[in-house]
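K.L.:
How does the following fold in three dimensions:
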Amino acid sequence: MPEAGGIILFDGTCAMCNASVGYVIAHDPAGYFRFAASESPAGQALLREHGLGEDRPRSMLLIEGGRIVAHSTAVLGIARHLRGPARAACVLRLIPVKLRDWAYRQVATRRHRFTKATACRAWGPEVAGRFIG
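P.N.:
Numbering: from 1, shown residues only. The predicted structure is shown next:
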């Protein structure tokens, strides 16, 4: 698969993850990011390609420049390319990774308590091409 731009792998059954993808789409007018649900065949192929299997982090993952990152590093890597207030989150890189990832995991482990999607959101034709698989 082409490596132009970044690829965001997300949990397609998580309403919070789907909302995050919607936020990225709205604040990435240049279309830098493409997306794949981790559960999809394309998402599974990308995970295998990067040496990740069932024991992978259950979070949003960012594939960029041939490497894959998870947790807070992925979120801040995504924010770096967005327009609007999310870009200001990059200042959080000053916080040690262990502390950032602890905070990230606190939200990630509770995300399904908020709401749960039964399937990936259906996107309109204007952004459908940004989804892999």
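
K.L.:
How far does stretch 25-32 stretch from one end to the other?
P.N.:
Stretch 25-32 has an end-to-end distance of 9 Å (criterion: C-alpha to C-alpha, to the nearest Å).

K.L.:
low pLDDT regions in this protein?
P.N.:
The model of the chain has pLDDT under 70 over residues 1-4, 54-55, 57-58, 111-122.

K.L.:
Swap in 90 and give it another go.
P.N.:
1-4, 11-19, 29, 39-40, 51-60, 66, 84-93, 104-129, 133 (pLDDT under 90).

K.L.:
how about the helices in it?
P.N.:
15-26, 41-49, 71-79, 97-108, 111-114, 125-128 (DSSP state H).

K.L.:
Redo those helices as TSV? Include mean neighbour count.
P.N.:
(C-beta placed from N, C-alpha, C; glycine too.) Below are the helices of the chain laid out as TSV (neighbours: other C-beta atoms under 10 Å):
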stretch	mean neighbour count
helix 15-26	18
helix 41-49	16
helix 71-79	21
helix 97-108	14
helix 111-114	13
helix 125-128	10
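
K.L.:
nearest to Phe35, of those?
P.N.:
Nearest of these to Phe35, taken as C-beta to C-beta: helix 15-26 at 5.6 Å.
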